[in-house]
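S.K.: Model the structure of this input:
(one chain, ligands or ions: 2)
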Amino acid sequence: MDLEARVDELLNGAAKPPQSLGKLEKHLKKVILAWGEIRSEMKPHHIIFAADNGVIEEGVVNYPGEITYLQAKNMADGKATISCFCQCNQIPYSVIDIGINNAQEAGIDHKVAFGTKNFMKEEAMTQEEFDRAWTVGEKMVADLIQREGVNIFSFGEMGIGNTTTSSAVLHALTGMPPEFIVGYGAGLSSNEFLKHKRNIVAKGVERHKNKMQKVEDILRCVGGFDIVGICSGMLQCAKLGVPFVIDGFITAVAYACAFRIDQTIEKYGIPSHMSKEPGMAYSLLLGNIPAEDVILHANMALGEGTGAILMVSMLKTISYTMQNMARLSDFVLSESASAKTAAV
Ligand SMILES: Cc1cc2ncn([C@H]3O[C@H](COP(=O)(O)O)[C@@H](O)[C@H]3O)c2cc1C
Ligand SMILES: O=C(O)c1cccnc1
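M.R.: Ligands and ions are numbered 1, 2, ... in the order given. Just a heads-up that it's a prediction; the model follows:
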């Protein structure tokens, strides 16, 4: 029997009506097919990349840039939302400083630079900075697989200005007008604010349009170090046969970029939560994940990866259940019931 048939047997042979665990069954099947074998243990790890963005000079955020460092520190100290979600669900996590604009320590130091440059004035990063950020994402994933046997990843980010850079990347990648992509980000605000943010996204992309033929160039010109790290991390997952969970607008944009670079990534990306940000559903769809496959619609908009942690927990639950519950073949039916069942 091939692997797909064995997974179907695992799911349909459990003592329950077929497909009664709905989308959980579908996603567990995707995880197992990504692994290439049925495994009894799920070993998750959540990676949060943190970096600052020069474009916040343009007034596209409601918070000071210092929050990136302070919240990344909170994360590393176990005091942020994502830390509590991870602790409560016993999921290990790492906070990676891939470009925080602060000399003090917050998480694991892989700082490429003290934030990107303002893309309204120049390219967000140099080619050398891009290459280093790319390598950080690849290496983090490869090391965790090799050292700790991680077999499912999830990603999150921390970076004031990240909904602006992600919107710019998505706009440059697809041509989709900013009106359909740009949302409020962290903090509720006015229509005027939204119009200004859309304008910055449109102008920033326009400014660099002649240099952005490849996805990598889009990320380099208008993206952020964290988006680059997530994108390369996802591609590394696919290369090494490990599935990953997608949550949040920024991570979904990184997924859309990764898909554009290598479509085999589709076999490895598992959706979790649908963010309030308007470009989220579209970003997933670009990587062939329809909105109906997203299990959680909780109106969260955080970016740290809280939805991913809930999804990993659900995947662990369904995996445990399929391996430990009774089988339909274990039922010992009375003769009359067997005759009835046979007749159905
Ligand atoms: C206290 C605080 C904690 C956060 N945790 C995640 N984000 C989220 O908000 C930021 C993106 O929104 P924008 O593009 O509007 O800056 C990212 O850092 C994201 O992770 C936070 C934002 C704040 C203020
Ligand atoms: O959807 C997200 O990922 C998001 C929304 C608001 C702020 N930060 C992230």
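S.K.: residue ranges for the strands of this structure, please.
M.R.: Secondary structure of the chain (DSSP state E): strands located at 44-51, 93-99, 108-109, 152-158, 244-247, 269-273.
S.K.: need those strands in a markdown table with distance to ligand 1, mean pLDDT and mean neighbour count, can you?
M.R.: (Glycine included, C-beta is placed from N, CA and C.) Rendered in a markdown table, the data for these read as follows (distance: least, C-beta to the nearest ligand atom, whole Å; pLDDT from 0 to 100; neighbours: other C-beta atoms under 10 Å):
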| stretch | distance to ligand 1 | mean pLDDT | mean neighbour count |
| --- | --- | --- | --- |
| strand 44-51 | 8 | 99 | 28 |
| strand 93-99 | 12 | 99 | 26 |
| strand 108-109 | 17 | 98 | 12 |
| strand 152-158 | 5 | 98 | 29 |
| strand 244-247 | 11 | 98 | 30 |
| strand 269-273 | 14 | 98 | 26 |
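S.K.: okay if I get the ones you listed as TSV plus distance to ligand 2?
M.R.: Converted to TSV, these look like this (distance: least, C-beta to the nearest ligand atom, whole Å):
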stretch	distance to ligand 2
strand 44-51	12
strand 93-99	16
strand 108-109	21
strand 152-158	8
strand 244-247	7
strand 269-273	9
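S.K.: Now the ones you listed in JSON lines, please, with extra columns for distance to C84.
M.R.: Rendered in JSON lines, the data for those read as follows (distance: least, C-beta to C-beta, whole Å):
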{"stretch": "strand 44-51", "distance to C84": "12"}
{"stretch": "strand 93-99", "distance to C84": "11"}
{"stretch": "strand 108-109", "distance to C84": "20"}
{"stretch": "strand 152-158", "distance to C84": "13"}
{"stretch": "strand 244-247", "distance to C84": "16"}
{"stretch": "strand 269-273", "distance to C84": "16"}
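S.K.: where does the stretch 151-300 of the chain come near ligand 1, residue by residue?
M.R.: Counting by C-beta under 6 Å from any ligand atom, the positions of the stretch 151-300 of the chain adjacent to ligand 1 are 157-164, 185-186.
S.K.: Neighbour-wise, give me the winner out of the residues you listed.
M.R.: Looking at these with neighbours defined as other C-beta atoms under 10 Å, the largest count falls to M158 at 33 neighbours.
S.K.: my guess is that one contacts A72, does it?
M.R.: Yes: taking contact to mean C-beta atoms under 8 Å, the distance of 5.0 Å between M158 and A72 places them in contact.
S.K.: Give the residues shared as contacts by those two.
M.R.: Counting by C-beta atoms under 8 Å, 6 or more residues apart in numbering, the shared contacts of M158 and A72 are 48, 50, 95.
S.K.: Just give me the closest of those to L285.
M.R.: L285 lies nearest to I48 out of those, by C-beta to C-beta, at 24.8 Å.
S.K.: Give the closest residue to the closest one in space, chain neighbours not counted.
M.R.: Taking C-beta to C-beta, 6 or more residues apart in numbering, and ignoring the residues beside it in sequence, I48 has G156 as its nearest neighbour in space, at 4.4 Å.
S.K.: Contacts only, for the one you found.
M.R.: Here G156 is in contact with 46-49, 82, 247-248, 251, 303-306, 308 (criterion: C-beta under 8 Å, 6+ apart).
S.K.: Listing request: residues of the stretch 51-200 of the chain with sub-threshold pLDDT.
M.R.: Judged by pLDDT under 70, the stretch 51-200 of the chain has its weakly predicted residues at 188.
S.K.: circling back: would you turn the shared contacts of M158 and A72 into a markdown table with distance to R327?
M.R.: Compiled in a markdown table, these are given as follows (distance: C-beta to C-beta, whole Å):
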| residue | distance to R327 |
| --- | --- |
| I48 | 40 |
| A50 | 46 |
| V95 | 42 |
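S.K.: contacting residues around the closest residue to E123 other than its chain neighbours?
M.R.: If the residues on either side of it in the chain are set aside, E123 comes closest to C221, at 4.8 Å by C-beta to C-beta, 6+ apart. By C-beta under 8 Å, 6+ apart, the contact list for C221 reads 119, 123-124, 172, 208, 211-212.
S.K.: Now neighbour count too, for these, in a markdown table please.
M.R.: As requested, the contacts of C221 are exported to a markdown table (neighbours: other C-beta atoms under 10 Å):
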| residue | neighbour count |
| --- | --- |
| F119 | 28 |
| E123 | 19 |
| A124 | 30 |
| A172 | 23 |
| H208 | 20 |
| K211 | 13 |
| M212 | 19 |
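S.K.: what two of the residues you listed are the furthest from one another?
M.R.: Farthest apart among these - using C-beta to C-beta - are E123 and A172, which lie 12.4 Å from each other.
S.K.: Between these two, which contacts overlap?
M.R.: Common neighbours of E123 and A172, using C-beta under 8 Å, 6+ apart, are 208, 221.
S.K.: Return the distance of the residue nearest the centre of the chain relative to S94.
M.R.: Within the chain, one residue has its C-alpha closest to the average C-alpha position: by C-alpha atoms, centre = their mean, that is I246, at 2.9 Å. Using C-beta to C-beta, to the nearest Å, I246 is found at 18 Å from S94.
S.K.: buried stuff in the longest helix along the chain?
M.R.: The helix that spans the most residues within the chain, counting by DSSP state H, is helix 127-148. The neighbour-count criterion (16 or more other C-beta atoms under 10 Å) identifies 129-134, 136-138, 140-142, 144-145 as the buried residues of helix 127-148.
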